[in-house]
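Peer 1: Turn this into a model:
(one chain, ligands or ions: 2)
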Amino acid sequence: MATERTLSIIKPDATKRNLTGKINAKFEDAGLRIVAQKRIQLTPAQAGQFYAVHKERPFYGELCEFMASAPVVVQVLEGEGAIAKNREVMGATNPADAAPGTIRAEFAESVGENSVHGSDAPETAKEEIAFFFSGLELVG
Ligand code: UDP
Ligand code: MG
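Peer 2: Ligands and ions are numbered 1, 2, ... in the order given. As a prediction, this is how the structure comes out:
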């Protein structure tokens, strides 16, 4: 499998509870390398633009408010099959369904406040990385 990059976000519920280091340890233990990372505060409009694919869903407004409610840590993870590997490390969207040992099983508070975002495919990974990072910020 090829080396890939994927976009990860440590969400407000996790940054507020000081879990950035514990979550990063899960990525690194799984062989994912954090090749770019920054802590930022999104506006609701920026969160809405990032999650535009969900704009018809009933939870969209709440999701945008939540993502702008406290700082997030946006990061690029690199590794063999990084997109699928990160989804494995994250666990299912709803923490009630997340496998033991995954980030969402251990840390998520609810289906909405579920601690992490991860890209779901090569095309979305590319778009989502470009949404937050310039080429100069990706140092490998
Ligand atoms: N979400 C929610 N309610 C739902 C489904 C999703 O609040 O019923 C939120 C949740 O924060 C989730 C995000 O919307 O992580 C994006 O949903 P998606 O289905 O893409 O899940 P993910 O890819 O994050 O597992
Ligand atoms: Mg998704």
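Peer 1: taking the mean pLDDT, what do you get for stretch 81-95?
Peer 2: Averaged over stretch 81-95, pLDDT sits at 98.
Peer 1: Buried residues, it. List them.
Peer 2: Using 16 or more other CB atoms under 10 Å as the test for burial, stretch 81-95 gives Gly81, Ala82, Ile83, Lys85, Asn86, Arg87, Val89, Met90, Gly91, Ala92, Pro95. C-beta: built from backbone N, CA, C; applies to glycine.
Peer 1: Name the surrounding residues that touch it.
Peer 2: For stretch 81-95, the surrounding residues in contact (CB atoms under 8 Å, 6 or more residues apart in numbering) are 1-6, 8, 26-27, 30-32, 77, 79, 97-99, 102-105, 108-111, 114, 116, 118-122, 125.
Peer 1: okay, the buried residues of stretch 81-95 in TSV with secondary structure and distance to ligand 1 next?
Peer 2: Shown next, in TSV, are the buried residues of stretch 81-95 (DSSP: H, G, I helix; E, B strand; the rest coil; distance: CB to the nearest ligand atom, whole Å):
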residue	secondary structure	distance to ligand 1
Gly81	coil	17
Ala82	helix	15
Ile83	helix	11
Lys85	helix	15
Asn86	helix	11
Arg87	helix	8
Val89	helix	12
Met90	helix	7
Gly91	coil	9
Ala92	coil	7
Pro95	helix	10
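Peer 1: which parts of the chain sit against ligand 1?
Peer 2: His54, Phe59, Leu63, Thr93, Val111, Gly112, Asn114, His117, Asp120 (CB under 6 Å from any ligand atom).
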